[in-house]
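Engineer: Sequence and predicted model, in that order:
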Amino acid sequence: MSDGIVFIDGDYMAPEDATMSIFDVGFVWGDCVYDVTSTWNGWFFMLDEHLERFQRSCEGFRLENPYSFEEMRRICAECVERTGLANTYVKMQVSRGVPPPGVRDPRGLKPIVLVYAVPYVWIWGEDKCRNGATLYVSGVERVSSKAIDQRFKNYNRADLVQARLEAYDNGCDDALLASPDGFLSEGPGFNVFVVQDGRVASPDYNVLEGVTRRSVREICEREGIPFELRKIRPEELEEASEVFTSTTAGGVMPITGVNGKTVGNGHAGIVTSRIQSIYWSEREAGWHGVRPADILAH
Ligand code: PLP
């Protein structure tokens, strides 16, 4: 099985041959934006939505991607085609680049574009992503969007990493963070949802507006399940009948425990399971999909 293909600075190569400068301020200052999409059963999912968000992230960070939207589509498709894999995790990023020695001005540097396709990633492993994981509400605050706009997917993730370490210390699989005003935001790589009285709700601000979350909303609207974006108190996690999360690298993922307490009956709830099974059967069938070979043929 291929372990992946990397595109960097105009060339495609094996992951072990891909290198970047240690002086790139994407690394040194976290001055870097990215996005992650995937293929499942040979279909990209919502590729253009990911590319559009990526474009907004670049603009938000005042980073110039030298490649056009169409060129990015083709580069993503080429990476996937070269792996020969049906199920892939596809990352694209733009970092500010390498300043001349002593230069601090970020303007005018040559941005570095990196894209890669690797075998599909499940953030908690396939079993936990499909059947349930546990979360810990961290004391670490999610950085405010007034400091770093969280709608732009970026590499300033130290808050997320510290929260996750705290979650591990407390015997949980991952973390949830609250915003500075105390309402829930998101976790390290996923959006969160509570289900109460059959209604699905997810935090309305200080989060990455997940593409998977958008597809959850679409499923809810189609199935007649009330869906809203609103402020959510952390205590609602313990009051909810169901809690679930969503991300590109895992799909719709049930949460069976929060802060050491069982959610619902300790298994994926009815609403969560319904949304999850529709999500995966639709993905299998190419929902919102395009095949890499079709992109390359045009
Ligand atoms: N929130 C954060 C902080 C993320 O990093 C991610 C994805 O990696 C998500 C939410 C989920 O977004 P998506 O569904 O577009 O993968």
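Structural biologist: Nice, I can see it.

Engineer: Name the residues of the stretch 151-298 of the chain found near the ligand, please.
Structural biologist: Residues of the stretch 151-298 of the chain lying close to the ligand (C-beta under 6 Å from any ligand atom) are 186, 189-191, 208, 210-213, 246-248. All C-beta spots, glycine's among them, are computed from the backbone N, C-alpha and C.

Engineer: Among those, which one sits closest to Met92?
Structural biologist: The nearest member of these to Met92, counting by C-beta to C-beta, is Thr248 at 12.1 Å.

Engineer: And the contacts of the helix or strand where Leu114 lies?
Structural biologist: Leu114 belongs to strand 112-119 when elements are defined using DSSP states H and E. By C-beta atoms under 8 Å, 6 or more residues apart in numbering, the list of residues contacting strand 112-119 from outside reads 1-9, 15, 18, 20, 24, 26, 39, 65-67, 72, 75-76, 79-80, 82-83, 85, 87-95, 97-98.

Engineer: For the ligand, what is the nearest residue in the stretch 1-150 of the chain?
Structural biologist: Closest to the ligand within the stretch 1-150 of the chain is Val36: 5.5 Å, counting by C-beta to the nearest ligand atom.

Engineer: Quick one: mean pLDDT for the helix or strand containing that residue?
Structural biologist: Assigned by DSSP H and E, Val36 belongs to strand 32-40. Mean pLDDT, strand 32-40: 98.

Engineer: do stretch 106-115 as well
Structural biologist: For stretch 106-115, the mean per-residue pLDDT is 97.

Engineer: what helices or strands is the strand holding Val36 leaning on?
Structural biologist: Strand 32-40 sits against strand 43-45, helix 47-60, strand 88-95, with contacts defined as 3 or more C-beta pairs under 8 Å, 6 or more residues apart in numbering; DSSP states H and E.

Engineer: neighbouring contacts of stretch 56-73?
Structural biologist: 31-35, 47-48, 51, 54-55, 75, 92, 94-96, 106, 111, 113, 115, 149, 151-154, 295.

Engineer: Give the buried residues for it.
Structural biologist: Using 16 or more other C-beta atoms under 10 Å as the burial criterion, the residues of stretch 56-73 that qualify are 56-58, 61, 63, 65, 67, 72-73.

Engineer: where's it relative to the chain centroid, distance-wise?
Structural biologist: Taking the mean C-alpha point of stretch 56-73 and that of its whole chain, the gap between them comes to 18 Å (C-alpha atoms, centre = their mean, to the nearest Å).
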